[in-house]
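Peer 1: Return a 3D structure for these sequence lines:
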Amino acid sequence: MNPKKSKAKKGLIMDWIEFSRKGKPVNILVVDAVAYGLKDHFTEFHDKKTKIKTYRQAFGGRGVSTEDWKNYIQMCKKNEDKIIPWMQSWFNEFIKAKKFSEKLNRMNLEKKSNKELKSLFKKYFDLYVKVFAFTYDYRVLQEYYPQEIIAFLKEKVSNPKKLNNYMETILSLYKPIEMHKEKINLLKIAVKKRKGLSKGLFNKELKKHAGKFGFFGVYMYDGEPLTEKDFEKKMEKLIRKPVSKLEKELFEEKNRFKRNREQVKEMVLKLNLSEKEKQKIKNIRFALYASTLCDEYYSFVAFKMRPFMIETAKRFSLSFNQIVEMQNKELLSLFEKPLTKKHLDEINAREEGHALIFEKGKVRVLVGRELKEYSEPYLAELKKIQEMIEIQGETGFPGKVKGKVKLVNSMNDLPSFPKGYVLVAGTTLPQFVPAMKKAVAIITDEGGMLSHAAIMSREFKKPCVIGTKIATRVLKNNELIEIDAGKGIIRKVKA
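Peer 2: Here you go, the predicted model:
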């Protein structure tokens, strides 16, 4: 995979690796926490010596310097036996932040003083920022791990089709994530309804379901939580099915992960893999599970923190969007003194466009003239990119298809996604699943074999090309394209 580089200009733009792209920039409140997580906790939580000295969000993408990326990869390669413990630590830090956000969600925030709100947010930030020390570990692993596994499997498996089947099995989830738990729970309610559950109890269970899984409507602080009505629509389709079919779906959903674990166990025995090879498979499967589940946890924590952000916005006569476009230190300061007009104007400008930069030990946000200067090399490169008629990425799931493009740049694009179109996005998230089911194919800028798009395309058996780097900037809405996902090629074609 070729790194994306930008030429230096006045010390502002470094050579950098863009490894994450979600279309619409992530809110400043979140990406600022990522920068501080890498700055203050990365080294202590990993090998005690490797440092991440740079990080940035700009032009819809996030990344680090080429040097930091190289050091990150080397650190992981040298510490193969620590991959699972590091991922487990990621879980542990997430659980702490998750529990605190749930506790805070239950509080009567209106009765809290500004001083108390400040103390609560500081506790939350101190917990949550540690989560981000691990947030890109899986991204590093998918840079080289799948290729290493393919290499040793090739020595033992000569049949290309069987090799692909083995890799697909290895790179499938072995434990359910929240998405699967939501589906199982909804199926259980549907079965009860078809067997005569009273309207009152049915509504009660559906309300409880919405309270538990409403976070699927948001990513970080973007989007709106799903409501009871949203789940009623899903339920309407389910309860049209006969009980026997619902129970069969429920059985299959519950047992699919057990089958996957058994298949991998059989494969390992059949191929007589070495202990080192077995460890690589364990590492990549745990990373796959951890990264997918933690993507859901990000939404869960933000969902639980929404009442806090809403109360803070209300108390200081600000909007929700203004609150989440603040840096964490700015929000803490807000509880002590009001924003100046100049500062408020700058926060408003961030919604129009910004770059957050961490380098030389400092984190800063660029808007206005500074952002314009910073953007010049990127815009010149973008102009060349947009003239391309063919782009290439990696295979998420093979298949050939032709279809029209639908760009998904934010959560707002999801409800109107038309059936039978090609979904093109920076990356996909758990909230994209309904649209992914309607798509004929999936294309992303970001990704590797551990990415959400690759995992879901394997589940849905849909052609998928990942890691194109530039698809969202080359392809346009309603443009006709043909995809050969097996070769990772996308071409524009005339209608």
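Peer 1: what's the distance between Leu153 and Met267?
Peer 2: Plainly put, Leu153 is 9 Å away from Met267 if you go by CB to CB, to the nearest Å. Glycine gets a C-beta too; all of them are placed from N, C-alpha and C.
Peer 1: whoops, Glu182 was the one
Peer 2: Here the criterion is CB to CB. By it, Glu182 lies 30 Å from Met267.
Peer 1: Compare the two (neighbour count), which wins?
Peer 2: Applying other CB atoms under 10 Å to Glu182 and Met267 shows that Glu182 carries more neighbours, namely 22 against 17.
Peer 1: Scan the chain for its longest strand.
Peer 2: strand 400-408 (DSSP state E).
Peer 1: Could you export that strand as CSV, CA atoms only?
Peer 2: Taking C-alpha atoms only, strand 400-408 is exported to CSV below (Å, rounded to 0.1, in the frame of the first residue of the first chain):
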residue,chain,number,x,y,z
LYS,A,400,-17.6,-8.2,-10.4
VAL,A,401,-20.4,-5.6,-10.7
LYS,A,402,-21.5,-2.4,-12.4
GLY,A,403,-23.5,0.3,-10.7
LYS,A,404,-24.0,4.0,-9.9
VAL,A,405,-22.1,5.7,-7.2
LYS,A,406,-23.6,7.0,-4.0
LEU,A,407,-21.1,8.9,-1.8
VAL,A,408,-21.6,8.6,2.0
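Peer 1: got the contact list for the helix or strand just after that strand?
Peer 2: Downstream of strand 400-408, the first helix or strand assigned by DSSP states H and E is strand 422-425. Residues from elsewhere that reach strand 422-425, judged by CB atoms under 8 Å, 6 or more residues apart in numbering: 22-23, 401, 403-409, 417, 432, 435-436, 439-445, 453, 471-472, 475, 481, 483.
Peer 1: Make a PyMOL selection of the buried ones in these.
Peer 2: Of the contacts of strand 422-425, the buried ones go into a single PyMOL selection, burial set by 16 or more other CB atoms under 10 Å:
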select buried, resi 22+23+403+405+406+407+408+417+432+435+436+439+440+441+442+443+444+445+453+471+472+475+481+483
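Peer 1: follow-up on the earlier one: let me see the residues that make contact with the longest strand of the chain.
Peer 2: Contact with strand 400-408 is made by 23, 413-414, 417-418, 420-425, 432, 435, 439-441, 463, 472, 475-486, 493, as judged by CB under 8 Å, 6+ apart.
Peer 1: What strands line up against that strand, and which way round?
Peer 2: Applying DSSP bridges to the sheet, strand 400-408 is found paired with strand 422-425 (parallel), strand 480-484 (antiparallel).
Peer 1: Which SSE is immediately downstream of the last one?
Peer 2: Under the assignment DSSP H and E, the closest C-terminal helix or strand after strand 480-484 is strand 489-492.
Peer 1: Check which residues of that next one are buried.
Peer 2: For strand 489-492, using 16+ other CB under 10 Å, the buried residues are 489-490, 492.
Peer 1: just curious, which of those residues is nearest to Lys122?
Peer 2: Within the set of those, Ile490 lies nearest Lys122; the separation is 46.5 Å, counting by CB to CB.
Peer 1: gap between stretch 343-358 and the chain center?
Peer 2: Stretch 343-358 has its C-alpha centroid displaced from the chain centroid by 23 Å (CA atoms, centre = their mean, to the nearest Å).
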